[in-house]
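1. Give me coordinates for this.
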Amino acid sequence: MHLKNVLTFILFLILLYSSSNLKGQTLLFVLTNNSGAFGAGTIIGLDTNGNNFSVKPLSPNVNGYNPDGSFILYKDLLYAMTSGGGGTGTLFCFNPNSGKDSVLMNFNNYNGYNASGNLIEYNNNLYGMTQNGGEHNSGVLFCLNPCTGEDRVLLNFNDSNGFQPMGSLLVYNNLLYGMCSGGGSYYRGILFSYNPVTGREKTVLTFNSNNGASPFGSLTVCNGLLYGMTSSGGKNNMGVLFSYNPLSNKDSVLVNFDRINGSSPYGDLTVMGPFLFGMTETGGRNDLGTLFRFNLQTGKDSVMMSFDSVKGIYPDGDLTLYNGSLYGMTSSGGCFNDGVVFKFNPSTAAFVKLKDLSPEDGSNPVGNLTVYTLSKSTGLAASIHSESSDSIKPLMYPNPMQNYTTIKLPEDGAYTISVLYLSGRLLKEVHFKGSSYQLNKNEMIPGSYFISIRDVNEKNVYVNKLVIEY
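-> Purely as a prediction, here's the structure:
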């Protein structure tokens with residue numbers, strides 16, 4: 001097993017160990033695009049108050065790297081895509097209850113690459129899009145059966161029917177709706193429908209700059225209308241918020257972004273009562289992005305908040321509605337300029353920062369936060385025992401440590417001992433041969449650490465907590 005893969009595994013065992021009291025609780029899961037232990041992005045979990053924060057690094061050699069979308073929940077598993085690893089990206093599933101992930105699909109030139117956006121589930125199949133690859137290297141629409149592992153390319157984009165879809169698909173009236181950022185008659189992008197039964201694709205709206213251009217996000221449905229945004233075009237060439245009526249085939253520009261109310265929206269809209277909420281990447285008071293709402297009854301938009309370097313800057317994703325609050329992320333800004341996870345109360349306009357992301361946590365989060373309730377039947381505590389190897393289970397004494405702790409293993413062998421902070425960052429690592437090792441206090445200050453022990457083949461891993469007394 002590759003050393004980086006082993007460390008990824010160890011780090012998530014730490015996540016499980018430190019979160020073993022979370023069964024039955026609701027967490028928010030985030031994908032970051034960069035940084036983390038291997039520079040490949042991370043899976044982040046935290047509760048709705050910003051507590052119980054944990055990180056699992058993505059690994060280029062295991063589950064892929066640089067995701068450009070978010071998780072979706074399907075049958076108690078979280079599914080997502082990466083733009084790299086496994087050739088030219090992967091589709092993988094992650095089980096928060098066990099900490100395990102599995103790659104279900106490897107992208108290539110034929111079935112697409114540079115996957116972005118989220119997957120959707122329809123009739124027990126997962127559907128998604130890639131920006132590139134396929135017959136014309138303009139991207140594809142594909143489906144995957146998660147039970148059989150069979151994947152199929154359903155549609156090859158070819159410029160005339162659009163190219164480089166950046167967002168996700170939407171299911172409405174048994175059709176899949178999506179947008180391409182380019183192509184069409186005016187090369188400004190299109191809105192299309194796809195019938196998964198007949199295989200028929202149809203361009204239903206062509207963007208022409210006046211009604212918007214270059215849509216990077218996805219569609220939202222409300223009261224029989226589809227709503228979306230474009231990143232440019234419109235009256236001020238700063239993007240628009242539009243509606244499309246599938247019955248009448250009519251579209252309307254509802255908001256022309258003008259920098260004051262924001263500019264360059266890259267994400268999706270979130271429905272809450274009579275309002276649509278969204279974010280723009282730039283514009284607003286500081287030209288660093290806005291959080292806005294649009295009143296479906298009055299047709300008026302208003303800026304709820306302008307982002308800044310403390311609250312976060314350049315939000316590229318979407319807002320998640322949960323228990324009356326909106327949860328979101330910024331791609332940069334915050335204490336470490338790696339992004340911010342936040343909660344926003346739409347009734348009071350109160351902003352609460354949940355987490356300043358750092359390079360260790362992962363940077364540049366994309367998409368949206370995904371809500372997941374941990375299983376009451378298994379929980380996280382049970383996962384620890386199944387993941388840690390009993391074959392090398394050592395004795396560690398004394399624990400708590402005062403000046404030294406002895407680690408005694410059941411048999412002679414070659415072992416590696418890693419000492420890690422609770423955040424998962426490596427403090428030191430030693431290699432030894434034999435069945436006993438004395439770990440000295442040395443540079444370790446009083447507090448709690450994790451000790452991981454693995455054998456020479458790196459197939460057996462054991463993790464335990466070590467306390468150093470004050």
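2. How about the contacts made by the nearest residue to residue 330 once chain neighbours are set aside?
-> For residue 330, ignoring the flanking residues on the chain, the nearest one in space by C-beta to C-beta, 6 or more residues apart in numbering is residue 312 at 2.9 Å. Where you see a C-beta, it was placed from the backbone N, CA and C, and this is true even at glycine. Contacts for residue 312 (C-beta atoms under 8 Å, 6 or more residues apart in numbering) come out as 329, 330, 332, 333, 334, 339, 340, 342, 353.
3. And for residue 133?
-> Going by C-beta under 8 Å, 6+ apart, the list of residues near residue 133 reads 88, 107, 108, 109, 110, 111, 112, 113, 114, 139, 140.
4. CA atoms only for stretch 33-44, dumped as PDB, please.
-> The C-alpha trace of stretch 33-44 is given here as PDB (Å, rounded to 0.1, in the frame of the first residue of the first chain):
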ATOM      1  CA  ASN A  33     -10.800  21.700  -4.500                       C
ATOM      2  CA  ASN A  34      -7.200  22.100  -3.300                       C
ATOM      3  CA  SER A  35      -4.700  21.600  -0.400                       C
ATOM      4  CA  GLY A  36      -5.100  19.100   2.300                       C
ATOM      5  CA  ALA A  37      -2.500  16.500   3.200                       C
ATOM      6  CA  PHE A  38      -1.800  15.600  -0.400                       C
ATOM      7  CA  GLY A  39      -2.700  18.800  -2.200                       C
ATOM      8  CA  ALA A  40      -5.700  17.100  -3.800                       C
ATOM      9  CA  GLY A  41      -8.600  18.600  -1.900                       C
ATOM     10  CA  THR A  42     -10.500  17.200   1.100                       C
ATOM     11  CA  ILE A  43     -13.700  15.900   2.500                       C
ATOM     12  CA  ILE A  44     -14.800  18.100   5.400                       C
END
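5. how many other residues sit next to the nearest residue to residue 88 once chain neighbours are set aside?
-> Spatially, and ignoring its direct neighbours in sequence, residue 88 is nearest to residue 113 (3.4 Å; C-beta to C-beta, 6+ apart). Around residue 113 there are 22 other residues, counting by other C-beta atoms under 10 Å.
6. Also residue 371?
-> Neighbour number of residue 371 under other C-beta under 10 Å is 17.
7. That one: what secondary structure?
-> Assigned with DSSP: H, G, I helix; E, B strand; the rest coil, residue 371 falls in the strand class.
8. correct me, but it touches residue 26?
-> Yes - the pair residue 371 / residue 26 is scored as a contact, 6.2 Å apart, by C-beta atoms under 8 Å.
9. what do those two both touch?
-> residue 322.
10. Which of the contacts of residue 133 sits closest to residue 155?
-> residue 140 (6.4 Å; C-beta to C-beta).
11. Just to check, that closest one is in contact with residue 152?
-> No - with contacts defined as C-beta under 8 Å, residue 140 does not count as touching residue 152, sitting 9.9 Å away.
12. if you count what's nearby, which of the two comes out ahead?
-> A direct count of neighbours by other C-beta under 10 Å for residue 140 and residue 152 places residue 140 higher, at 27 against 12.
13. For stretch 287-299, which outside residues touch it?
-> Contacts for stretch 287-299 (C-beta under 8 Å, 6+ apart): 222-223, 241, 254-255, 259, 261-262, 269, 274-284, 300-309, 313-315, 319, 326, 328, 330, 333, 344, 346.
14. and it, average pLDDT?
-> Averaging the model's pLDDT scores along stretch 287-299 yields 98.
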